[in-house]
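> sequence first, predicted coordinates after that:
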Amino acid sequence: MPGPAPTQKLDYLLTRLISIYGRQGRYSSKPPLDQLMATILSQRTTYADERKAYTKLLDTYGDWQGVAAAPVSGIEECILSSRWPEVKAPRIKQILNSLIERYGEPTLDFLSDMETKAAQDYLMELPGVGFKSATFVLLFSLRKPVVPVDTHVHRVSIRYGLLPPGMTQAKAHTALLEILPNDADELLNFHKLLFKHGQRICTWSSPRCENCVVAERCDFARERGK
Ligand code: SF4
């Protein structure tokens, strides 16, 4: 017998996850440049260590203009708690200086007036900014209708059966946008619900299907129970 249609399956997932985590609606209060810097520092880094690096950087140099003028070695020293500081420090300086050269100050505020695709392309031209990092800035700070697919969103989407097994994170973004509403509030809600669920219940090493509110309709749980 065929399984439920994707939209029914999606509705069930969202309803059940909202019942335990509540509806998610909190955007970042950071301007887009701050969000981008935090995103770079968070790559392969825990939230606590990212915060430590971000705070030390701004405490040491005052603002992004100050960071742009700082030596790479000084930036690297401040962000040692973040993974790969030797790679991130020159990138941070390069991004800030390229913005100052073009706009006279380090800012990405102008992205809010751009179409989503144009803003995404702009971000991805900056050194070291890939598709995933761009989507974090676009959704969390600029409220553009994209869906960041991190490791948790990716894993839960595949296990539950919204996406086919083996689909890459890069392809997952397009596939998810085909079944999700083109609305930033809905996409934020989806991202945060799956992120929380992936962190707390559907973990990479040991998914707790016996305690999961969507187990009844989850492909992975069904296969596991056979
Ligand atoms: S039932 Fe298991 S595999 Fe499916 S979403 Fe829940 S924890 Fe993950």
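Yep, it's here.
> can you pull the pLDDT of residue 5?
Note on residue 5: pLDDT of 65.
> what helix or strand is the closest residue to residue 209 other than its chain neighbours on?
Closest residue to residue 209 apart from its sequence neighbours, by C-beta to C-beta, 6 or more residues apart in numbering: residue 221 at 4.3 Å. Any C-beta I mention is one placed from the backbone N, CA and C, and that applies to glycine too. Assigned by DSSP states H and E, residue 221 falls within helix 219-225.
> and the helix or strand harbouring residue 66, what's buried?
Element membership for residue 66 (DSSP H and E) is helix 64-69. For helix 64-69, burial by neighbour count (16 or more other C-beta atoms under 10 Å) applies to 64, 67, 68.
> got the residues of this structure near the ligand?
By the criterion of C-beta under 6 Å from any ligand atom, the positions of the chain lying close to the ligand are 156, 159-160, 201-202, 207-209, 212, 214-215, 218, 220-221.
> among the residues you listed, which two are most distant?
Across those, the longest distance by C-beta to C-beta is 13.8 Å; it joins 160 and 208.
> buried ones in stretch 192-207?
Quick answer for stretch 192-207 (16+ other C-beta under 10 Å): 192, 193, 194, 195, 196, 197, 198, 201, 202, 207.
> residue contacts, the second one?
Meaning residue 193. 14, 17, 18, 21, 24 (C-beta atoms under 8 Å, 6 or more residues apart in numbering).
> buried among these? Make that a PyMOL selection.
To isolate the buried ones among the contacts of residue 193 in PyMOL, judged by 16+ other C-beta under 10 Å, type:
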select buried, resi 14+17+21+24
